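1. Give me coordinates for this.
(2 chains)
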Protein chains: 2
Amino acid sequence: MKVILIGATGTIGSAIAQALGSRHEVVPVSFSKSAIKVDLADKRSIMRMFEAAGRADAVISAAGLARFGPMTSLTDEDFALCLGNKLMGQVNVARVGIEYVNDRGSITLTSGILSRTPMMGSTAISLVNSALEGFARAAALEMPRGIRINVVSPNWVVDTLRAFNMDPATGTPVEVVAAAYVQALEGSMSGAVLEAI
Amino acid sequence: MKVILIGATGTIGSAIAQALGSRHEVVPVSFSKSAIKVDLADKRSIMRMFEAAGRADAVISAAGLARFGPMTSLTDEDFALCLGNKLMGQVNVARVGIEYVNDRGSITLTSGILSRTPMMGSTAISLVNSALEGFARAAALEMPRGIRINVVSPNWVVDTLRAFNMDPATGTPVEVVAAAYVQALEGSMSGAVLEAI
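-> Below you'll find the predicted structure:
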């Protein structure tokens, strides 16, 4: 399958690329480091990205910015960034992507464990992650031509926890997270939230 | 308790006012029909509303606009309205309201059954409802002074179904929905999603 992979150079995206590379044709997309670039905050950039990448059997998004911090410190701009980037960026990948995905193809977005298991500082991220899951559950009912849509909700990745000086013991190896995207791509579920924990 | 009730003149809000009226002091707020008015899409309007209503023991929001329609017909403006009104309007009620709610008081927001049980046409509403639930789960961890925050997720109300020429048999009487808000107000839960079905 030809798979457009958004966020291909990130921690999770790199692992997805590695997991898919031998079996599928991956078209890597990222904010700045790939031949095809995208700014998720800009719907026209998403449209140009799909024009450049061309029709595909699947789109995987493992990208999107969101802000962490105490609720009383998060500004209106912080919330707007979360809504405009990780949330509507990925929703727009689905809205625009429908036109570029082949029959019986798939769209896979990324939420995260903070949706169901919040922590102090996660109000904006928990909001966005839950929103993506609710969107995908509903969008699955309307997808044309047998296209499936799912969300992978990854736990904290071991490497990310290390980078934040948090206990890596509670994390999930990035290969396990990547495997959930492969499942979403090669499986037959739709409207599902695949928890990679 | 003194309870600021946003959306006091709506179908659900009127029933909440009736359920609370004999036991608590209700300060009704609505977009246009109450002495104190609020436009949820405008954070400054929310700030003025709290200034006018004064400190209270609880805030209940049973308000917020969102758009229903096929995903491919919903415009960028439709999604923006949903995010700016029902979603961020209520999130801002919580963000601003923290300063006006007394110790051990409560904030109760409204999502809806389409969060967990979507239907065709509900992509934007399911997104918003799920987002509110994720936000409240996380915000509950950070609330100061023993303030609680919860979300009521009402089923379709019988009267609403009748108004839309849908089968009222699948709906919930508005008094049952109102009772969930009373539970949220008088109970001790926080970060909960109270399904009124």
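2. buried set for the lengthiest strand in chain A?
-> Looking across chain A with DSSP state E, the single longest strand is strand A:101-110. Neighbour counts using 16 or more other C-beta atoms under 10 Å in any protein chain shown place A:101, A:105-110 of strand A:101-110 among the buried residues. In short, each C-beta sits where N, CA and C put it, glycine included.
3. What of stretch A:52-67?
-> A:53, A:56-64, A:66-67.
4. which residues touch the longest strand of chain A?
-> Strand A:101-110 has contacts (C-beta atoms under 8 Å, 6 or more residues apart in numbering or on different chains) with A:1, A:7, A:12, A:55-64, A:90, A:93-94, A:97-98, A:132, A:136, A:143, A:145-154, A:181, A:184-185, A:190.
5. hang on, the earlier thing: could you redo the buried residues of stretch A:52-67 as a markdown table and give each row pLDDT and distance to residue A:26?
-> Listed next are the buried residues of stretch A:52-67 as a markdown table, based on pLDDT from 0 to 100; distance: C-beta to C-beta, whole Å:
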| residue | pLDDT | distance to residue A:26 |
| --- | --- | --- |
| A:53 | 98 | 11 |
| A:56 | 98 | 10 |
| A:57 | 98 | 11 |
| A:58 | 98 | 10 |
| A:59 | 98 | 11 |
| A:60 | 98 | 9 |
| A:61 | 98 | 13 |
| A:62 | 98 | 12 |
| A:63 | 97 | 14 |
| A:64 | 97 | 19 |
| A:66 | 97 | 25 |
| A:67 | 97 | 29 |
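6. where exactly do the helices run in chain A?
-> A:11-21, A:43-53, A:76-82, A:88-97, A:123-139, A:158-163, A:174-186 (DSSP state H).
7. ok and the fourth one relative to helix B:123-139, angle-wise?
-> By that I understand helix A:88-97. Orientation check (axes from the mean of the first three to the mean of the last three C-alpha atoms, to 10 degrees): helix A:88-97 against helix B:123-139 gives 160 degrees.
8. low pLDDT regions in chain A?
-> Chain A contains no residues with pLDDT under 70.
9. one step back: which ones among the contacts of strand A:101-110 map onto strands?
-> Going by DSSP E, the strands hold A:56-61, A:148-154 from these.
10. Please list which of these are also close to chain B.
-> Counting by C-beta under 8 Å from any C-beta of the partner chain, the subset of the ones in strands among the contacts of strand A:101-110 that neighbours chain B is empty.
11. circling back to that earlier point, nearest to residue B:115, of the buried residues of stretch A:52-67?
-> residue A:66 (19.6 Å; C-beta to C-beta).
12. right, and that closest one touches residue A:89 too?
-> No: taking C-beta atoms under 8 Å as the definition, residue A:66 is not a contact partner of residue A:89, at 10.1 Å.
13. which residues touch the residue lying farthest from the centre of chain A?
-> For chain A, the largest distance from the centre (C-alpha atoms, centre = their mean) belongs to residue A:72, which lies 27.1 Å off. Neighbouring residues of residue A:72 by C-beta under 8 Å, 6+ apart: B:95, B:98, B:142.
14. if I pick the residue lying closest to residue A:20 once chain neighbours are set aside, what's in contact with it?
-> Counting by C-beta to C-beta, 6 or more residues apart in numbering or on different chains, the nearest residue to residue A:20 once its immediate chain neighbours are dropped is residue A:26, at 5.3 Å. Counting by C-beta under 8 Å, 6+ apart, residue A:26 touches A:3, A:5, A:8, A:17, A:20.
15. next one: residue A:84
-> residue A:41 are the contacts of residue A:84 under C-beta under 8 Å, 6+ apart.
16. ok, now how distant is it from residue B:84?
-> 12 Å (C-beta to C-beta, to the nearest Å).
17. related to what we said a few turns ago, and the residue farthest from the centre of chain A, how far from residue A:78?
-> Counting by C-beta to C-beta - residue A:72 and residue A:78 are separated by 11 Å.
18. Over to residue A:129?
-> 15 Å.
19. who's more crowded, the two?
-> Shown here are residue A:129 and residue A:78; by other C-beta atoms under 10 Å in any protein chain shown, residue A:129 has more neighbours (32 against 17).
20. Please tell me I have it right and the more buried one contacts residue A:154.
-> No: applying C-beta under 8 Å as the test, residue A:129 and residue A:154 come out as separate, 10.0 Å apart.
21. which residues are common contacts for those two?
-> What both residue A:129 and residue A:154 touch, as defined by C-beta under 8 Å, 6+ apart, is the set A:112-113.
22. Please give me every residue in contact with the residue lying closest to residue A:185 once chain neighbours are set aside.
-> Using C-beta to C-beta, 6+ apart and skipping the chain neighbours, the partner closest in space to residue A:185 is residue A:58 (5.4 Å). Counting by C-beta under 8 Å, 6+ apart, residue A:58 touches A:1-4, A:101, A:105-108, A:185.
23. Just give me the closest of these to residue A:161.
-> Nearest member of these to residue A:161, counting by C-beta to C-beta, is residue A:108, at 23.3 Å.
24. how far away is the closest one from residue A:187?
-> Going from residue A:108 to residue A:187 by C-beta to C-beta gives 10 Å.
25. same question, residue A:82
-> Going from residue A:82 to residue A:187 by C-beta to C-beta gives 29 Å.
26. Pull up the residues of chain A that are close to chain B.
-> Residues of chain A lying near chain B (C-beta under 8 Å from any C-beta): A:43, A:70-72, A:76, A:79, A:83, A:87-88, A:91, A:95, A:98, A:114-116, A:118-135, A:137-142, A:191.
27. Can you tell me which of those residues are classed as buried?
-> For these, buried by 16+ other C-beta under 10 Å: A:43, A:71, A:79, A:83, A:87-88, A:91, A:95, A:98, A:114-116, A:118, A:121-135, A:137-142, A:191.
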